[in-house]
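Novice: this one's sequence-less:
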């Protein structure tokens, strides 16, 4: 029986050995054409973690939403990048051993590491002159049959004599998404911070960069600003050099560029400009979920649906009319997506703090209600067909991402929330026109972003309670 610390050290050793063996075999193949034999391929496997819970007495109840067992049994998963996930793994394993008396075992699993996942630069294959088809005959490759969300979606097989999943994602699923994060955001996945803001307008990026530059020069926890392409700005740089690096960041090369204001302890803030539409929203959250972030918040623009709303007012979503359709099979529309009290309170408190308003004055600018999320940007052209459903829902705003992001948070057990800013009122003749839109952006974006950042600061003070039991199923894997 290993302690959590010993288990993680062994996971790190086994993973490092497997990666080294696979890289050495690839290098040998590139240089000499030597094909790895069966014994060598046995070294290309992810480490496996096995946790056995065999209670001899009733465990003390805990209000914690994770690191606990739904029932006695054996729980297993494969692990990738254990050194990077060390803090997360220890946070899960320590309560399982100290509070529940679980036994830990570490060994070599049955899943092979696909060869692309050990490339660091990403261009090794092109430089070798070897084709992917050639490598696929002799080395493990990513197989869609091995990658899926069956555990997260509750589709795994279970029974009294079967081992149960220890985590929502196994090593193959995690590695798949780590590579997708790099591809879409232009950032190494190691730069991603656990507190995430998602936006649908690049102007929020400009404000985030300005805020990040201020933070790394202040006497606070933030140490660096990391831009797409891996560009890093820290306090040692002059203002002139920092601005030049920020201006030259190659964000336009990436579909959903990410920006990070990092801390030494890895508790900073990431902003991802996901662009427009539910497909992008689902895509990036599918992959960010494997990092097990503490929270993701949507801060973007919406159309106001009520006459009393004004351009620049805020919408705090407490429900979603899901017309995005992209998650209807994974999470049917009949499944409610609950508002999370901790997030709602933090967003409202942050709005009061940043705007300096409270009571009726704040209510005049911040309205709580249902947001409609569409998959069609030109839904207005179907107004005669959509009017009754929107009216029945009592919706107060419309966008194309928030419902998807909230549903993904519910599905992937990542705390979520939405604070939108009214940029137009399509039902009341106030549509987006270039001049009016520019004036709105100048006034509102900075304040809106500060509200999101302030909400994250408040949520950091209650990270344990933030991981609500509302997000856990009754047969949930022990890991958060």
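Specialist: Arrived safely. As the structure is a prediction and not an experimental result, all values here were calculated from the model.

Novice: any idea what residue 31 is structurally, helix, strand or coil?
Specialist: Here residue 31 takes the helix state, with states given by DSSP: H, G, I helix; E, B strand; the rest coil.

Novice: Roughly how far does it sit from residue 118?
Specialist: 16 Å (CB to CB, to the nearest Å). For every residue, glycine as well, the C-beta is placed using N, CA and C.

Novice: quick one: which of those two has more around it?
Specialist: Neighbour totals were compared for residue 31 and residue 118, and residue 118 leads with 19 against 9 (other CB atoms under 10 Å).

Novice: Pretty sure that one sits against residue 26.
Specialist: Yes. The pair residue 118 and residue 26 qualifies as a contact (CB atoms under 8 Å) at a distance of 7.4 Å.

Novice: Find the residues that touch each one of these two.
Specialist: Residues touching both residue 118 and residue 26 (CB atoms under 8 Å, 6 or more residues apart in numbering): there are none.

Novice: OK, contacts around the nearest residue to residue 328 once chain neighbours are set aside?
Specialist: Of all residues not flanking residue 328 in the chain, residue 322 sits nearest, at 7.7 Å (CB to CB, 6 or more residues apart in numbering). Counting by CB under 8 Å, 6+ apart, residue 322 touches 328, 333, 337, 373, 403-404, 407.

Novice: from those residues, which is closest to residue 273?
Specialist: residue 404 (15.6 Å; CB to CB).

Novice: out of the contacts of residue 322, which are inside helices?
Specialist: Under the assignment DSSP state H, the contacts of residue 322 contribute 403-404, 407 to helices.

Novice: Looking at these, state which has the most neighbours.
Specialist: residue 403 (30 neighbours).

Novice: Wait, a strand at the residue nearest to residue 328?
Specialist: Yes. Checked against three-state DSSP, residue 322 lies within a strand.

Novice: Which strand residues bridge it?
Specialist: Beta-bridge pairing of residue 322 under DSSP bridges involves residue 373.

Novice: Start at 52, not 1
Specialist: Okay, using 52 as the starting number, the last item reads as residue 373.

Novice: distance of it from residue 431?
Specialist: Noted for residue 373: a distance of 19 Å to residue 431, by CB to CB.

Novice: and residue 274, which of the three is it?
Specialist: strand.

Novice: residue ranges for the helices of the stretch 102-251 of the chain, please.
Specialist: For the stretch 102-251 of the chain, the helices defined by DSSP state H, counting those that start in this stretch occupy 137-149, 175-179, 183-187, 222-236.

Novice: How about the stretch 352-501 of the chain?
Specialist: Using DSSP H, counting those that start in this stretch, helices in the stretch 352-501 of the chain cover 392-406, 410-416, 434-444, 453-463, 485-511.

Novice: Ok, which of those comes nearest residue 58?
Specialist: Comparing the helices of the stretch 352-501 of the chain by CB to CB, helix 453-463 comes nearest, at 24.9 Å.

Novice: Below-threshold pLDDT in the stretch 302-451 of the chain: ranges please.
Specialist: Of all residues in the stretch 302-451 of the chain, none has pLDDT under 70.

Novice: and residue 242, what does it touch?
Specialist: So residue 242 contacts 277, 281, 309, 311, 313, 321 (CB under 8 Å, 6+ apart).

Novice: among those, which are in strands?
Specialist: Cross-referencing the contacts of residue 242 against strands under DSSP state E gives 277, 309, 311, 313, 321.

Novice: Emit the PyMOL select command for whichever of these are buried.
Specialist: Those of those that count as buried under 16 or more other CB atoms under 10 Å are selected in PyMOL with:
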select buried, resi 277+309+311+313+321
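
Novice: Farthest pair within the ones in strands among the contacts of residue 242?
Specialist: Maximum distance among the ones in strands among the contacts of residue 242 (CB to CB): 11.8 Å, for 309 and 313.

Novice: tell me the pLDDT at residue 179?
Specialist: We have a pLDDT of 66 for residue 179.

Novice: check contacts around residue 158.
Specialist: 65, 98-99, 101.

Novice: One more pass at 6 Å, please.
Specialist: Shown in contact with residue 158 (CB atoms under 6 Å, 6 or more residues apart in numbering): residue 99.

Novice: Show the low-confidence segments of the stretch 102-251 of the chain, by residue range.
Specialist: Ranges of the stretch 102-251 of the chain meeting pLDDT under 70: 173-179.

Novice: Go again with 90.
Specialist: Along the stretch 102-251 of the chain, the model assigns pLDDT under 90 to residues 107-114, 170-185, 195-197, 207-213.

Novice: quick one: the strands in it?
Specialist: 124-129, 154-163, 215-216, 246-250 (DSSP state E, counting those that start in this stretch).

Novice: Figure out which of those is closest to residue 201.
Specialist: Minimum separation from residue 201 across those (CB to CB) falls at strand 215-216, 8.9 Å.

Novice: how far does that closest one sit from the chain's center?
Specialist: 23 Å (CA atoms, centre = their mean, to the nearest Å).

Novice: Next, the buried residues of stretch 524-531.
Specialist: For stretch 524-531, burial by neighbour count (16+ other CB under 10 Å) applies to 527-531.

Novice: try stretch 253-262
Specialist: Buried, per 16+ other CB under 10 Å, within stretch 253-262: 254-256, 258-260, 262.

Novice: swap in stretch 278-288?
Specialist: Neighbour counts over stretch 278-288 (16+ other CB under 10 Å) mark 278-279, 282, 284, 288 as buried.

Novice: Which two among the residues you listed are spaced furthest apart?
Specialist: For the buried residues of stretch 278-288, the farthest-apart pair by CB to CB is 279 and 288; their separation is 17.6 Å.

Novice: Thank you, goodbye.
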